[in-house]
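# Quick check, what structure comes out for this input:
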Amino acid sequence: MTVTRGVSALALATLIAAVGCSAENEPATGNNGNGAATGGSSGNTTSTGGSGGTAPGASGGSTSATGGAASGSGGADASGGAASGSGGADASGGAASGSGGAETLGDPPCDLTRTLAGEEIKKGTACTPDDLQLCWRKCGPQGVGWKSETCSGGVYAEGDCQFPAAVGYECFAIPDTQHAECPTDPAMTPQASEECSVPECNPCNVDGQYLTSSGEAKVGYCVCQPPNSAGTRTWSCASGTAWPCPFGMGC
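Below you'll find the predicted structure:
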């Protein structure tokens with residue numbers, strides 16, 4: 001009888017020890033969203049919680065340590081973690097846009113908004129930290145370029161006219177000899193917004209100059225634009241520094 005009770009006690013102790021061991025090795029489900037807490041014994045455990053590790057996405061979508069994708073790489077169920085991890089990767093795009101990213105010519109255009117005081121955004125207009133800090137205005141012949149307007153020191157400062165690289169500017173190439181229909185008389189110097197009849201894509205000036213719409217003489221060129229909605233053709237002009245050729249690209 002004594003032996004029987006000893007055997008039963010030994011069997012009971014063995015059973016308790018076995019149950020305790022299996023509970024200790026149970027893979028963590030990672031419900032706390034920490035991808036690093038995914039069991040880690042074999043890499044074959046399901047990374048259901050690793051997918052919740054979106055903290056990297058919140059900090060800019062860093063691809064390092066996205067939790068589920070890394071810890072679940074050995075298991076078939078890790079595909080779920082990888083999908084969730086890709087969500088974190090999407091956040092990196094948000095971080096890039098939030099940080100400003102590279103400047104994009106023309107985005108946003110200045111003519112879609114005004115300052116809080118209701119003023120047009122252009123060179124010399126007063127601005128505050130609450131106004132749009134950067135926008136773009138068209139420039140160059142026929143408005144093919146963009147110049148920045150940046151709020152600096154309480155006023156908008158204007159940048160140089162820039163031209164998108166993906167656009168061709170052959171129409172504005174400067175010829176060795178101007179077209180026969182370009183005016184040569186100083187009294188007929190091309191003036192911006194005035195009517196013209198010279199064939200398209202033929203830059204003209206007189207003695208190297210053109211006139212602005214207000215009559216100011218400047219060094220540069222004009223081209224006679226296609227007819228507008230009323231059937232009228234007018235000069236579009238720009239200074240040499242705001243002309244895509246020969247000082248810019250594409251010609």
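# can you give me the strands in the stretch 151-251 of the chain?
Remark: strands assigned in the stretch 151-251 of the chain by DSSP state E, counting those that start in this stretch are 155-158, 209-211, 217-224, 235-239.
# Okay, now the unreliable bits of the stretch 101-250 of the chain?
Applying pLDDT under 70 to the stretch 101-250 of the chain flags the ranges 101-103, 246-250.
# Check the spacing between the nearest residue to residue 204 once chain neighbours are set aside and residue 207 real quick.
Nearest non-adjacent residue to residue 204, counting by CB to CB, 6 or more residues apart in numbering: residue 182, 3.6 Å away. Backbone N, C-alpha and C define where each C-beta goes, glycine included. Distance of residue 182 to residue 207, given as CB to CB, to the nearest Å: 12 Å.
# The two: who's more crowded?
residue 182 (21 against 9; other CB atoms under 10 Å).
# OK, contacts around that one?
Contacts for residue 182 (CB atoms under 8 Å, 6 or more residues apart in numbering) come out as 190, 198, 202, 204-205.
# What of residue 162?
Neighbours of residue 162 in contact, by CB under 8 Å, 6+ apart: 105, 145-148.
# out of those residues, who's nearest residue 157?
Residue 157 has its nearest neighbour among the contacts of residue 162 in residue 148, at 8.4 Å by CB to CB.
# Pop out the phi and psi values for the closest one.
Per-residue torsions, residue 148: phi -80, psi 150 (degrees, to the nearest 10).
# what's the neighbour count on it?
Neighbours of residue 148 using other CB under 10 Å come to 20.
# Tell me the bridge partners for it.
residue 136 (DSSP bridges).
# what sits against residue 227?
Neighbours of residue 227 in contact, by CB under 8 Å, 6+ apart: residue 233.
# now residue 131: how far from residue 125?
9 Å.
# so what sits against both of these two?
With CB under 8 Å, 6+ apart as the test, residue 131 and residue 125 both reach residue 115.
# Closest to residue 137 out of the contacts of residue 182?
With CB to CB as the yardstick, the closest approach to residue 137 among the contacts of residue 182 comes from residue 190, at 22.2 Å.
# circling back: any chance of the contacts of residue 182 in JSON lines with distance to residue 114 and neighbour count as columns?
Listed next are these as JSON lines, based on distance: CB to CB, whole Å; neighbours: other CB atoms under 10 Å:
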{"residue": "190", "distance to residue 114": "32", "neighbour count": "24"}
{"residue": "198", "distance to residue 114": "36", "neighbour count": "20"}
{"residue": "202", "distance to residue 114": "37", "neighbour count": "19"}
{"residue": "204", "distance to residue 114": "35", "neighbour count": "23"}
{"residue": "205", "distance to residue 114": "35", "neighbour count": "21"}
